[in-house]
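**Student:** predicted model follows, preceded by the sequence.
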Amino acid sequence: MHAVSLEHVSKTYAPQATGWRGLFMPPSGPGFQALTDVSFTVDHGEFFALLGPNGAGKTTLISVLAGLSRPTSGHASICGHDVVTDYQAARRSLGVVPQELVYDPFFTVRETLRIQSGYFGFRHNDDWIDEILANLGLTDKAEENMRALSGGMKRRVLVAQALVHRPPVIILDEPTAGVDVDLRRSLWEFISRLNRAGHTIMLTTHYLEEAQALCSRIAMLKRGKLVALDKTQTLLARAGGSLEEAFVKIMNSDEDTAVEVAV
Ligand SMILES: Nc1ncnc2c1ncn2[C@@H]1O[C@H](COP(=O)(O)OP(=O)(O)OP(=O)(O)O)[C@@H](O)[C@H]1O
């Protein structure tokens, strides 16, 4: 049983109404295909990167795994639980750090984490909440209101929120976007520790040097298709340099289908 599994996953977004006609007529047209026949697996304990340029489909894929968006076809599962037919078990096995800073401005950090714990049925979770706060450098912010935190601090809370139910699989969607060097370091230290403790980590980032340093295997999406999947070292050896060179080479390849896929 894999930590994450995607089998022939495609996702087409429904057509959007545009212009003034949209006020009177239902949207028509083929919709937008954000993912096309994506298949891969991530094993337990892996530190895995999902890379791709803006609009490649990374967030869409994460939304499918988190049960926020239904695949148009294909199947996805977390720790063997189908994200559609066994949603609750799949969601309990997964912690997601979203790309956007979403938070309720009326609660303190601790209240936010208690509420999140409650969603997963954890009532007396303060010991674990304190441990997460300490590891993310948030202990002295615990009683502060969310709206009073800086952007980087809010991002730390998003990471904390994803961890309250001790999920075996953690997905981070660009966790270090707009984050200072100090937080970036402490964040990666903490995430690496979670990985060493057995958690499976899947991350998207535009900082390729982070993926190169942290991840043992890398997948690349281009216009919704999987175009590379291999061990980091193998990708580097093929490109003869850095991950950035490998990325640019693969993204500029005319091939629209998988070019370097190895499992
Ligand atoms: N709800 C939606 N309705 C229609 N199209 C959408 C929707 N969400 C995303 N898309 C489109 O799907 C494509 C993939 O978007 P997605 O956010 O998954 O890309 P991404 O790889 O995460 O990009 P980024 O690196 O910029 O975050 C984009 O062209 C986007 O405009």
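**Tutor:** Right, received. Where do you want to start? Numbers count the residues shown, from 1 in each chain.

**Student:** got the residues of the protein near the ligand?
**Tutor:** Contacts of the chain with the ligand, taken as Cβ under 6 Å from any ligand atom, map to 13, 32, 34, 52, 54-60, 99. Backbone N, C-alpha and C define where each C-beta goes, glycine included.

**Student:** report the buried members of those residues.
**Tutor:** 34, 52, 56-60, 99 (16 or more other Cβ atoms under 10 Å).

**Student:** columns pLDDT on top of these, output as a markdown table?
**Tutor:** Shown next, in a markdown table, are these (pLDDT from 0 to 100):
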| residue | pLDDT |
| --- | --- |
| 34 | 96 |
| 52 | 95 |
| 56 | 95 |
| 57 | 96 |
| 58 | 96 |
| 59 | 94 |
| 60 | 96 |
| 99 | 86 |
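
**Student:** can you pick out the most distant pair from the residues of the chain next to the ligand?
**Tutor:** Greatest spacing in these, by Cβ to Cβ: 32 and 99 (18.7 Å).

**Student:** quick revisit: any idea which of the buried ones among the residues of the chain next to the ligand is the one closest to residue 246?
**Tutor:** Out of those, the member with the shortest distance to residue 246 (by Cβ to Cβ) is residue 52, at 12.9 Å.

**Student:** now that closest one. Nearest residue, chain neighbours left out?
**Tutor:** The shortest distance from residue 52 to any non-neighbouring residue, by Cβ to Cβ, 6 or more residues apart in numbering, is to residue 221 (3.7 Å).

**Student:** run through the bridge partners of residue 95.
**Tutor:** For residue 95, the beta-bridge partners are residue 170 (DSSP bridges).

**Student:** from residue 155, how far off is it?
**Tutor:** Per Cβ to Cβ, to the nearest Å, residue 95 is found 14 Å from residue 155.

**Student:** report how many residues lie close to the closest residue to residue 63 other than its chain neighbours.
**Tutor:** Nearest residue to residue 63 in three dimensions, chain neighbours excluded: residue 69, at 3.8 Å (Cβ to Cβ, 6+ apart). Neighbour count of residue 69, defined by other Cβ atoms under 10 Å: 18.

**Student:** list the contacts of residue 52.
**Tutor:** Under the criterion of Cβ atoms under 8 Å, 6 or more residues apart in numbering, the contact list for residue 52 reads 58, 204, 220-222.

**Student:** domains for this structure, by residue range?
**Tutor:** Domain segmentation of the chain under automatic domain parsing yields 1-17+30-93+169-263, 101-166.

**Student:** output the ones you listed in JSON lines; the columns should cover distance to residue 24.
**Tutor:** Formatted as JSON lines, the domains of the chain follow (distance: least, Cβ to Cβ, whole Å):
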{"stretch": "domain 1-17+30-93+169-263", "distance to residue 24": "9"}
{"stretch": "domain 101-166", "distance to residue 24": "33"}
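
**Student:** for the stretch 101-250 of the chain, just list every one of the helices.
**Tutor:** Counting by DSSP state H, counting those that start in this stretch, the stretch 101-250 of the chain has helices at residues 109-119, 126-135, 151-163, 181-196, 208-214, 232-239, 243-252.

**Student:** return the most buried member of those helices.
**Tutor:** Counting by mean count of other Cβ atoms under 10 Å, helix 151-163 has the highest mean neighbour count of those, with a mean of 20.

**Student:** ok, residues contacting that helix?
**Tutor:** Helix 151-163 is contacted from outside by 95-98, 101-103, 109, 112-113, 116, 129, 132-133, 136-138, 141, 146, 149, 170, 172, 175, 178-180, 183, 187, 190, 194, using Cβ under 8 Å, 6+ apart.

**Student:** one more time with 6 Å
**Tutor:** 95-97, 101, 103, 109, 113, 116, 132, 136, 138, 178-180, 183 (Cβ atoms under 6 Å, 6 or more residues apart in numbering).

**Student:** again, but for stretch 244-256
**Tutor:** Residues from elsewhere that reach stretch 244-256, judged by Cβ under 6 Å, 6+ apart: 208, 220, 222, 227-228, 235, 239, 259.
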